[in-house]
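Undergrad: Give me a 3D structure for the following:
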Amino acid sequence: MGVVISNELEAEQAYVDRAYECLEAAKERVFDLTSMVEVGKGGTNQARVERDAIWDSVSTRLGQLNMGDAALVFGRIDQNTDSEIFYIGRVGVWDDNQDPIVVDWRAPIAESFYRATGSDPMGLERRRHFVSRGRSLLALEDEIFGDIEKFRDGDNSSLKGEGALIAALETARTGRLQDIIGTIQGEQDEIIRAPISGVVAVQGGPGTGKTVVALHRAAYLLYTHRFPLQGQGVLVVGPNRLFLAYIEQVLPSLGEAGVEMAALGDLVGAVRVEDHRDPEEVSRLKGDLRMVKFLTRATKIRQRAIREDLRIGYGVQWLHITVEQTAQIVAEAQRRFRTHNAARRYVEEEFYSTLALNSNEPLDKRTIEERIKGQIAVREALDWMWPVLTPSQLLNDTFGSLALIKAADPKLTDEEANSLYKKREKSSKEVTWSASDAALLDEALSVLGPRPGKREEDAVRTFGHIVVDEIQDLSPMDLRMLSRRSLNGSMTVVGDIAQATGAWAHHNWESILRHLPDRKEAQMRELTIGYRIPAPLMELAANVLSEAAPGLKPPSSVRADGEPPIFLEDSHSFDSLPDAINEELKKDDAGNIAVVAANSQVEEIETLLNKAGIVFGRPNRRGLDEQLAVVPVGLVKGLEVDVVIVVEPKRIIEEQIQGMRALYVALTRATKRVIVVHSQELPANMEIKSG
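TA: Below is the predicted model of the structure:
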């Protein structure tokens, strides 16, 4: 490593300034495209289509070229083979002669910027990292690969651009996750550039950057496989909408704004699904694969013969159909059709055909249908035999009747059946479902199939690549739902077994991967280096982890320095909390602060802060907009803030089904300080004296 002298800093600043000039020129050229097609009042449809296509291209390209406050260039590589120099940056930029001024970080030539080591320089003579603030260069860092003494032979784990990395890590948080393209490390880059086919599963402890790695991988795949991914689509799935708001700026900052981002509930159409899940025991039942048979039986219950023979007046005669005949129609429909709604038209035709055959004189079934299909008795008979159902209607009806619940699965205990019961609403459109119901609604759609005439509306959207974060908490039913949306089995799934805290907390990756596409053997990758959390804070978290998940190793922190955790003990409740917050807000390095507590204590904390006149925000779809936020421990996973104030650890442990793991999650959110406020006795593994 070497610090670069000032005249070189000036030269590089001049190059960066030129790069920005070329970027602005590129924007002007993009705007000029809009004048290629002008459509007047008498313009043709083709001209209008061409205009719209150009505007779409302009919008996409401008999104890629819009840097905002982010740095355009973050380093350069000097090759020792042909003495060529390439500047690596956020997007590719060319001059008027179409010579490259900046190479896109995803281009193959840029790989060595992230992956070269002393033992494998990948053809580099020098790698230079830029430390920037907006358009201004603050410092340069050089790695000279020709000087082998500066490297430990065979060491591939040393930090790349350590100064730039530490500067980025110590920058105050904004309430939104930021990209890391200027400081991607070798083990992260290997995952980002992994082949697209099959499932890439990434185990990463807190602070290892697994979320940003997964998002950068999505951007890399879209760049490398623009066709067909742009048409097939890329989906990013997060654990809740707060998390999605937290990460929503990353992909646009990388020039990829067309990626769909969703929580599981967002993937179910035409219903309202909240972020919260049911109580642990109910969520576990609803996430069990036994619900596949439950919903299949619940649907089959709705396929039945009429209760008594039916007679319908038809002119001067009676048309009739027997219970036995309708039973035969239902049995044949069950045999012929895979999905429920697809058989409705067949049932109708057989119903009218049977009426025609049973008449005293030859009648045409089409004529019969046209004349009697509007009669209440006919509609009631057909809807009894084979109703057209939406997933919401099926679940509203089934969960609204203990008898139907038990009929769908006779093996359910009374306690389990009662836990599934939910008062039936008159209209299924009025039901607000929990996140635990999302996979059931999706499974119901798979069993029911699209409604007649609604095939496009009821279709399940599939994607060419799916990214899933915090996958360790998803149930088998959730994973089945995600697999259904994979077009070709290409997925990137990231998580941390040590942070598995939900009702379906997995204890190993095998129990996750068995429910995902298996067209190709899954690639297991691991992130071992913690970048976010200073070593003193990681030490506290590691002590908790030793009890939460014995045998699991915490990541190694690259930040050896840092403040030790602070413990504030109250004789009653958490009286010291307002003072602790105010002290933090006064500090020069005050950034984002999260007060993390057991769900049952959030309201009490909010009341306390209101009385103290402290402004705070709540986690919502807009993310952590306020500098201070009060966050239930169940929603804090995946977030990153400067300071975490953990309230009453014992209460968190008692209330969460995976209490120690939930506490581990809470303690690993901070980049600077952890403060523990408590009145109850601390767990033995947290009894570390503050310095």
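
Undergrad: in the helix or strand encompassing N7, what's buried?
TA: N7 belongs to helix 6-32 when assigned by DSSP states H and E. When neighbours are counted by 16 or more other Cβ atoms under 10 Å, the buried residues of helix 6-32 are found to be 9, 12-13, 16, 19-20, 22-23, 26, 30. Where C-beta positions appear, they are placed from N, C-alpha and C, glycine not excepted.

Undergrad: N97: which of those is nearest?
TA: Among the buried residues of helix 6-32, C22 lies closest to N97 (Cβ to Cβ), at 10.6 Å.

Undergrad: Which residues are in contact with that closest one?
TA: C22 is in contact with 93-95, 101-102, counting by Cβ atoms under 8 Å, 6 or more residues apart in numbering.

Undergrad: Of these, just the buried ones, PyMOL syntax please.
TA: In PyMOL syntax, the buried subset of the contacts of C22 is picked out as below (16+ other Cβ under 10 Å):
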select buried, resi 93+101+102
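
Undergrad: Just to be sure, which of the contacts of C22 are found in strands?
TA: Helix and strand membership here follows DSSP state E; of those, those in strands are 93-94, 101-102.

Undergrad: Just the CA atoms of stretch 465-484, as CSV, please.
TA: The C-alpha trace of stretch 465-484 is given here as CSV (Å, rounded to 0.1, in the frame of the first residue of the first chain):
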residue,chain,number,x,y,z
HIS,A,465,-33.6,-14.4,-11.9
ILE,A,466,-34.8,-14.1,-8.3
VAL,A,467,-32.8,-12.6,-5.4
VAL,A,468,-34.0,-13.5,-1.9
ASP,A,469,-32.7,-11.9,1.3
GLU,A,470,-33.1,-13.2,4.8
ILE,A,471,-34.1,-16.6,3.4
GLN,A,472,-33.3,-18.4,6.7
ASP,A,473,-36.7,-17.5,8.1
LEU,A,474,-38.9,-18.6,5.2
SER,A,475,-41.1,-21.6,5.6
PRO,A,476,-41.3,-24.5,3.2
MET,A,477,-44.5,-23.0,1.9
ASP,A,478,-42.8,-19.7,1.4
LEU,A,479,-40.0,-21.3,-0.5
ARG,A,480,-42.4,-23.3,-2.6
MET,A,481,-44.1,-20.0,-3.5
LEU,A,482,-40.8,-18.5,-4.6
SER,A,483,-39.8,-21.6,-6.6
ARG,A,484,-43.1,-21.3,-8.5
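
Undergrad: What residues sit buried inside that stretch?
TA: Of the residues in stretch 465-484, 465-484 count as buried by neighbour count, 16+ other Cβ under 10 Å.

Undergrad: what is the mean pLDDT for it?
TA: Averaging pLDDT along stretch 465-484 yields 97.

Undergrad: which residues in the stretch 551-691 of the chain form strands?
TA: For the stretch 551-691 of the chain, applying DSSP state E, counting those that start in this stretch gives strands covering 556-557, 566-569, 593-597, 628-632, 641-647, 670-678.

Undergrad: I'd like those as CSV, with distance to Y246 and mean pLDDT appended.
TA: Supplementary listing: the strands of the stretch 551-691 of the chain in CSV, determined by distance: least, Cβ to Cβ, whole Å; pLDDT from 0 to 100:
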stretch, distance to Y246, mean pLDDT
strand 556-557, 22, 89
strand 566-569, 25, 94
strand 593-597, 11, 96
strand 628-632, 11, 95
strand 641-647, 10, 96
strand 670-678, 14, 95
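
Undergrad: In JSON lines, list these along with mean neighbour count and distance to V237.
TA: As requested, these are exported to JSON lines (neighbours: other Cβ atoms under 10 Å; distance: least, Cβ to Cβ, whole Å):
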{"stretch": "strand 556-557", "mean neighbour count": "18", "distance to V237": "29"}
{"stretch": "strand 566-569", "mean neighbour count": "16", "distance to V237": "36"}
{"stretch": "strand 593-597", "mean neighbour count": "27", "distance to V237": "23"}
{"stretch": "strand 628-632", "mean neighbour count": "22", "distance to V237": "21"}
{"stretch": "strand 641-647", "mean neighbour count": "26", "distance to V237": "23"}
{"stretch": "strand 670-678", "mean neighbour count": "25", "distance to V237": "25"}
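
Undergrad: Which one of those lies nearest to F130?
TA: Evaluated with Cβ to Cβ, those place strand 670-678 nearest to F130, the distance being 21.8 Å.

Undergrad: From the chain's centroid, how far away is that closest one?
TA: 27 Å (Cα atoms, centre = their mean, to the nearest Å).
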